[in-house]
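Colleague: Sharing a model that was predicted from the sequence below.
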Amino acid sequence: MKHQGTTYNIPICLWILDSHPFAPPLCFLKPSGNMGIRVGRHIDAQGRIYLPYLQNWSHPKSTVTGLIREMAVKFEEELPLYSLSAEDGARQRELLSYIAQVTDGVSSMDVKAPSRAKVTVIGGGDMALACLLAVSAKGTAGKLLLLDPTDGEAAGGAAADLEIFSLPNVQVTKDFSAIAGSAIVIVTVNSWSNSQSYVGVLQSNVELLRGILPSVAHHCPKCLLLVASQPVEIMTYATWKLSGFPHNRVLGIGCNLDSGRFRHVIEKLADSEEGAQGAWIIGEQSDNKVAVWGAPDSSANRQTPCKLYPKIFQEQLTSRALEILKGKGQRSWSVGLSVADITDTLVQNKGKVHSVSALCKGQFGVQEEVFLSIPCVLGSAGVTGAVQTLQDEAQIWETLQRSAAAIESVQQQLRL
């Protein structure tokens, strides 16, 4: 690039994440030993580059080529590096060592290091215990807390059992102030009664959430809310409304478990892991869910396009896989494993794609404020993007729109 008529070479490092191209790369200056970093509007003291292009990243409009063009424009206005004097050499070596840790992944910044994040599970039944144990087994959280808002043993006694047979780094409480500092709060509460109508049961669940979420929002105003309560679409919507959180920080478990099972069966049938990466289950977590295939550039969690099977082979694989999975329910332990999978992505900021319940208004032709399971890019900020490059869009859109209308009809009957 040129600055005031002089040509300069600006060394940079682009750190491409697993979620690329749906999430932007991390960008750092890579100064040599005789260069110093000029801190400014777009550069911090560690050499991290911040540009409007990165903040407004939107696939497929945003590209690495476009990013580099903007860098050249911004750096022509203000050079990000300057020549160091000899006495600054020691400080520069220390800075370069730090940047090397960030960009090259040495042990002091190893992503596999034990997590220090605090995760809270709210509930007192088998679902809560399954989620807690699965998250614990995965090593996702440095500290786990089970908050049981129920009285007595009515919920199944999971909290009481944990108090008897304690686990490392697990705390059981009924005090909402104990959840302060939680990065993720997992909501599993449910109220079921055969004596109530369907809408009556849902309203009971809403009242449970109404008694819980204000305290959660007060003690954990920056947490992410992951909803496992059923029906997950409506309970996620109610959680969003009652918490007052931005929609990207509220998500439901959706069809993450179904998608994982679906891809696993596809892998076995096709004898290929690569081809299954574009397979998803989306929509409602019910009989209305639908199996779809991603287009070549929407491969989950990969930088390279997924293998695209011929349409007739996709249909054969889908039909056979759904037949195998028919009747396979969502038991507490399997849901717990799915919750741990999502929690791990959120806590570790992996930028992976999961089929989760997210606000769907404005996507796939959906006009209602409803939560449906769609492939979403997840990270420490919650839902950071959605994958819309799916095949057979007209058919998919019609299915999602029918589900949205049905869910909206029920939501309008609830007092929120």
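Modeller: Yes, it's here.

Colleague: pLDDT below threshold where in this protein?
Modeller: 1-8, 18-19, 32-34, 41, 83-115, 151-158, 193-195, 270-277, 295-330, 388-393 (pLDDT under 70).

Colleague: Could you rerun that using 50?
Modeller: Along the chain, the model assigns pLDDT under 50 to residues 103-113, 154-155, 296-308, 310, 312-313.

Colleague: for it, what spans make up the helices?
Modeller: 52-55, 64-77, 89-104, 126-138, 158-164, 198-219, 232-243, 256-270, 273-276, 311-325, 332-347, 393-411 (DSSP state H).

Colleague: Please tabulate these in CSV and include distance to Ile37 and mean neighbour count as additional columns.
Modeller: Backbone N, C-alpha and C define where each C-beta goes, glycine included. Listed next are the helices of the chain as CSV, based on distance: least, C-beta to C-beta, whole Å; neighbours: other C-beta atoms under 10 Å:
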stretch, distance to Ile37, mean neighbour count
helix 52-55, 18, 14
helix 64-77, 12, 15
helix 89-104, 7, 14
helix 126-138, 38, 23
helix 158-164, 50, 17
helix 198-219, 39, 17
helix 232-243, 40, 24
helix 256-270, 41, 20
helix 273-276, 41, 18
helix 311-325, 50, 15
helix 332-347, 30, 22
helix 393-411, 46, 17
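
Colleague: quick one: which of these is nearest Ile184?
Modeller: The minimum distance between Ile184 and those falls on helix 332-347, with 5.5 Å, by C-beta to C-beta.

Colleague: tell me which strands and helices the closest one is in contact with?
Modeller: With contacts defined as 3 or more C-beta pairs under 8 Å, 6 or more residues apart in numbering; DSSP states H and E, the packing partners of helix 332-347 are helix 126-138, strand 184-187, strand 224-227, helix 256-270, strand 353-359, strand 371-379.

Colleague: Dump the helices of the chain into TSV; add distance to Trp293 as well.
Modeller: TSV is the format used below for the helices of the chain (distance: least, C-beta to C-beta, whole Å):
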stretch	distance to Trp293
helix 52-55	30
helix 64-77	26
helix 89-104	35
helix 126-138	28
helix 158-164	39
helix 198-219	33
helix 232-243	23
helix 256-270	10
helix 273-276	10
helix 311-325	5
helix 332-347	21
helix 393-411	10
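
Colleague: Keeping just the C-alphas, turn stretch 246-261 into CSV.
Modeller: Taking Å, rounded to 0.1, in the frame of the first residue of the first chain, the C-alpha atoms of stretch 246-261 are listed here in CSV:
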residue,chain,number,x,y,z
PRO,A,246,-31.7,-9.4,23.0
HIS,A,247,-32.9,-12.3,20.8
ASN,A,248,-29.4,-13.4,19.9
ARG,A,249,-28.8,-14.3,23.6
VAL,A,250,-31.9,-16.5,23.9
LEU,A,251,-32.0,-19.8,22.1
GLY,A,252,-33.6,-23.2,22.5
ILE,A,253,-32.2,-26.7,22.0
GLY,A,254,-34.3,-27.1,18.9
CYS,A,255,-33.4,-29.9,16.5
ASN,A,256,-29.8,-30.2,17.5
LEU,A,257,-30.2,-33.7,18.8
ASP,A,258,-32.3,-34.7,15.7
SER,A,259,-29.7,-33.2,13.4
GLY,A,260,-26.9,-35.0,15.1
ARG,A,261,-28.7,-38.3,14.9
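
Colleague: The chain should start at 34 in everything you say after this.
Modeller: That works, and once the first residue is 34, the last one we named lands at stretch 279-294.

Colleague: Show me which residues of stretch 401-416 are buried.
Modeller: For stretch 401-416, burial by neighbour count (16 or more other C-beta atoms under 10 Å) applies to 401-413, 415-416.

Colleague: now do stretch 176-185
Modeller: Lys176, Leu177, Leu178, Leu179, Leu180, Asp181, Pro182, Thr183.

Colleague: Other residues contacting that stretch?
Modeller: For stretch 176-185, contacts defined as C-beta atoms under 8 Å, 6 or more residues apart in numbering pick out 149-157, 161-162, 165, 168-169, 188, 191-192, 195, 200, 202-209, 211-212, 215, 222, 241, 244-245.

Colleague: Contact partners for Ile155?
Modeller: Counted by C-beta under 8 Å, 6+ apart, Ile155 has contacts Ala161, Leu180, Pro182, Val218, Ile219, Val220, Thr221, Val222, Ile245, Val249.

Colleague: So which of those residues is the closest to Gln444?
Modeller: Val220 (17.3 Å).

Colleague: re the thing from before, for the helices and strands packed on helix 365-380, which one sits closest to Gln434?
Modeller: Nearest to Gln434, of all the helices and strands packed on helix 365-380, is strand 404-412, at 9.8 Å by C-beta to C-beta.

Colleague: Skipping its backbone neighbours, what lies nearest Ser224 in space?
Modeller: Nearest non-adjacent residue to Ser224, counting by C-beta to C-beta, 6 or more residues apart in numbering: Ser237, 4.1 Å away.

Colleague: neighbours of Val399, just the number please.
Modeller: Number of residues near Val399 (other C-beta atoms under 10 Å) recorded here: 21.

Colleague: From what I see, it and Glu431 are in contact.
Modeller: No: between Val399 and Glu431 there is no contact under C-beta atoms under 8 Å: 10.9 Å.
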